[in-house]
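Trainee: Here is my input, please return the structure:
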Amino acid sequence: MGIEFIRNASGKPYTKRWARGIDRIKAPTLMDVSISEESRTLTAKLTAKGAACQGATVLVQSKGPDLVVFDGLRQVASIANAPPSVRAAVDARQGMAPAVVERVGILGATAEIKLK
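Mentor: Okay, here's the model as predicted:
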């Protein structure tokens with residue numbers, strides 16, 4: 001009684017419902033492989049808890065061996081030991097680069113900064 005009830009209540013047989021799903025799986029556009037531009041994401045140490053909020057536009061500036069993150073005129077974070085490729089990208093933009101705060105850590109001590 002169980003399987004007959006399901007087949008009668010659903011209208012179409014169970015196997016026919018999956019026929020379209022199998023065709024979609026076989027389609028070449030299921031996993032569209034497209035190469036996007038390279039993005040650089042860095043982990044920054046916040047100066048104070050709650051200093052930066054997610055989605056905020058910030059400015060990354062080189063200061064000696066480190067990079068510092070500014071929100072307007074106040075420093076909100078610092079990035080120590082940045083990779084040479086990131087340092088070169090910031091230096092190519094006269095020592096400053098715009099960025100976005102992608103995520104703030106659970107404890108509020110770190111933030112992920114994505115360079116634009």
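Trainee: Which residues does stretch 58-73 contact?
Mentor: Contacting residues not belonging to stretch 58-73 are listed as 42, 44, 51-52, 56, 75-80, 82, 86-87, 90-91, 95-101, 111, 113, 115 [C-beta atoms under 8 Å, 6 or more residues apart in numbering]. Using the backbone N, CA and C atoms, a C-beta is placed for each residue, glycine as well.
Trainee: The same query, at a cut-off of 7 Å, please.
Mentor: 44, 52, 56, 75-80, 82, 87, 90-91, 95-99, 101, 113, 115 (C-beta atoms under 7 Å, 6 or more residues apart in numbering).
Trainee: for that stretch, which positions count as buried?
Mentor: V58, V60, Q61, S62, L67, V68, V69, D71 (16 or more other C-beta atoms under 10 Å).
Trainee: show me what contacts the residue nearest in space to the middle of the chain?
Mentor: Nearest residue to the geometric centre of the chain (C-alpha atoms, centre = their mean): E102, 6.1 Å. Counting by C-beta under 7 Å, 6+ apart, E102 touches T41, E112, K114.
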